[in-house]
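Enquirer: sequence unknown, structure follows:
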């Protein structure tokens, strides 16, 4: 019986940096603020275009007086920082250090081995981290992937394996030299740890760490990156440990994963002189990226590749290696370098051996890599560690020679004094002046999740350098609405210089609901302020296209027209009950709205075209295609036959995650958890939900039940079929438990509660009553 018929039958039976001391000034990276916006008053705007208004003019003067002291010190700090960067060679000298960067996908294995007497002993990492190094490292950057493969932490990131691996690492690297652990960061199974020689610790500053998940829903921590940064003397380092999307065909997803890690990672450091500063990965002098990037050798028979590897014919394979091809095309890791690969593919081996896996015939590939970027870093060794047999991956390490800048304190003081003196002279010469190339920006129709960009140029047309920044409007604590980012948001321009300012418009789930309701609008004035000078006023407008994402269920079930065609404010708030009609049949026209038509579109497509994809909801996002799905849902357009089912599945996940109120409203959460041991009790709680939420829960769980039946229907071995069905139910229950249910805001979702939610959902996936 199909899911919709099952639901119909059930219903018939019963009635949710400030710059470093010597770094060049950079635009401060602003995180998107989740706040409602309000446009400037007509009087305030008119005061700058229609002649003086005494009240507003006095208010503006008052603001400028209050900011004067701050402006003066800020512009001086920016000038000094820029000048120190320009005159770097006058007070620094170069010295060399050695950096060892290693990556190891341990495939869930722990750092223990079994001795001859059956006892457990710690594994040795000497072969990977110490043996045959051509020089002793000053810095170790050690990255791991797949430390934790448990389903709960796959979603919740609650495990910590650092304490388990740290003693093993230190036992290997500290046999001859004393190293100090500087910083570490873990995200689910990814971990990065930095060690430095004890003699360098006193010269390290501005340490920071961050993590970004790019897995399921574009944010879960089974894939993504963990990053750390620090300064050693006057040189900034950033190390990133990444685990990108798996499977041969997912090249574009891997590229997108790296792009998202770059875009979203912000490492906030602080220094005594300049306070807090946001750093992006590419803003460092030296960047090293290591990890299981998962790029494969495509379109080659596994046995053929194994034969070429045994004969060390690597060049022909590397010529089609996906990472080499994508880098050469400028699609990923732009500007990064990699040393020549002279070692065998690092994946996939039979654990405990040096033999490639042949049961599933996975094509051997160089999944595990180390890349680097910077003008003063050079690779001197790049190798894998075949002696390490713990995992189905072989660990990889790269040794680098890095030139770092050290400061001569006496010369630095002389230069600093000169710079301050020059600043005082310039400060008295002239007032700043500038032009902007554009002051009106119309982003047109703005869609959910789509980034719209524009830019303009500011040029110093005056006789003196100046600092600029986007400044808050009177009585507001923001300089731009939540949907708008500007980069750089501040800077310094010498006479005659120009700078491009990028303006990005982006509406995510934190804002879409307010956009849909009209509480937030695309209309704002941005104030660009020249320190000790005038202001420019930039108008920004756009037209929001309504979306089903972030729209309440009760509202969606009452809309028969596509949301994109309904003007904001034209519809009334959703009622409590959907119209009476027959249940929605699969693969036929929508006859009623017991569930939103957008959900029916996605479920219909997944039933028709996803039957051969058991990993349908676990393959990770294809974000470009996913935005197309949102377009299909918000308009009259049908999802084309054969359209990428993983993108549709991801869109369904996103839809459920972004509902303002979850399918199971939070006030029913405790009742559901308490009733999880019994299908009858669980069903009684669902019967209590408001009709749109009740129908939606039953529809989704019936759909999942049918999908699992389809996935296992071709298995002729009864025992294997039962085992596979149990595994699929467990995985889908855990994932959809977090999507259909959310605990109240005062209750944290930890592993224990996630299991209870999964047990509740599994009642509806495994109990045959649901199909009767």
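Expert: All right, it came through fine. Please read these numbers as outputs of a predicted model, since none were measured by experiment.

Enquirer: Would you mark the buried spots in stretch 554-566?
Expert: Neighbour counts over stretch 554-566 (16 or more other C-beta atoms under 10 Å) mark 554, 555, 556, 557, 558, 559, 562, 563, 564 as buried. Any C-beta I mention is one placed from the backbone N, CA and C, and that applies to glycine too.

Enquirer: mind putting the residues you listed in JSON lines, pLDDT and secondary structure included?
Expert: Output for these, formatted as JSON lines (pLDDT from 0 to 100; DSSP: H, G, I helix; E, B strand; the rest coil):
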{"residue": "554", "pLDDT": "91", "secondary structure": "helix"}
{"residue": "555", "pLDDT": "90", "secondary structure": "helix"}
{"residue": "556", "pLDDT": "92", "secondary structure": "helix"}
{"residue": "557", "pLDDT": "91", "secondary structure": "coil"}
{"residue": "558", "pLDDT": "87", "secondary structure": "coil"}
{"residue": "559", "pLDDT": "84", "secondary structure": "coil"}
{"residue": "562", "pLDDT": "87", "secondary structure": "coil"}
{"residue": "563", "pLDDT": "86", "secondary structure": "helix"}
{"residue": "564", "pLDDT": "86", "secondary structure": "helix"}
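
Enquirer: and of those residues, the nearest to residue 258?
Expert: Distance to residue 258, by C-beta to C-beta, is smallest for residue 564 among the buried residues of stretch 554-566, at 32.0 Å.

Enquirer: and the gap between that closest one and residue 643?
Expert: 19 Å (C-beta to C-beta, to the nearest Å).

Enquirer: can you check residue 438 too?
Expert: Taking C-beta to C-beta, one finds residue 438 at 38 Å from residue 643.

Enquirer: go on, residue 93?
Expert: Distance from residue 93 to residue 643, by C-beta to C-beta: 60 Å.

Enquirer: Counting neighbours, go ahead and name the busier of these two.
Expert: Per other C-beta atoms under 10 Å, whichever of residue 93 and residue 643 has more neighbours is residue 643, with 15 against 12.

Enquirer: Now do the same for the more buried one: helix, strand or coil?
Expert: coil (DSSP: H, G, I helix; E, B strand; the rest coil).

Enquirer: likewise residue 170?
Expert: helix.

Enquirer: Now do the contacts for the nearest residue to it once chain neighbours are set aside.
Expert: Closest residue to residue 170 apart from its sequence neighbours, by C-beta to C-beta, 6 or more residues apart in numbering: residue 179 at 7.2 Å. By C-beta atoms under 8 Å, 6 or more residues apart in numbering, the contact list for residue 179 reads 140, 170, 173, 195, 196, 197, 198.

Enquirer: which residues of the stretch 651-772 of the chain fall in helices?
Expert: Applying DSSP state H, counting those that start in this stretch to the stretch 651-772 of the chain gives helices spanning 669-674, 679-687, 691-712, 718-740, 751-766.

Enquirer: Helix 751-766 and the longest one, what's the angle between them?
Expert: Right, the one you point to is helix 718-740. Interaxial angle of helix 718-740 relative to helix 751-766 (axes from the mean of the first three to the mean of the last three C-alpha atoms, to 10 degrees): 120 degrees.

Enquirer: Quick check: mean pLDDT of helix 718-740?
Expert: In this model, helix 718-740 carries a mean pLDDT of 88.

Enquirer: Ramachandran coordinates for residue 415?
Expert: The phi and psi torsions at residue 415 (degrees, to the nearest 10) take the values phi -60, psi -40.

Enquirer: State the number of residues packed around it.
Expert: Neighbour tally, residue 415, other C-beta under 10 Å: 19.

Enquirer: can you pull the contacts of it?
Expert: 84, 87, 90, 91.

Enquirer: Then residue 652?
Expert: With contacts defined as C-beta under 8 Å, 6+ apart, residue 652 is in contact with 599, 602, 603, 606.

Enquirer: Go again with 10 Å.
Expert: The contact partners of residue 652, by C-beta atoms under 10 Å, 6 or more residues apart in numbering, come to 598-599, 601-603, 605-606, 616-617, 629, 633, 700, 703, 736, 739.

Enquirer: Equivalent analysis for residue 411, please.
Expert: The neighbours of residue 411, taking C-beta under 10 Å, 6+ apart as the test, are 87, 90, 91, 92, 93.

Enquirer: mind running it again at 7 Å?
Expert: When contacts are counted by C-beta atoms under 7 Å, 6 or more residues apart in numbering, residue 411 touches 90, 91.
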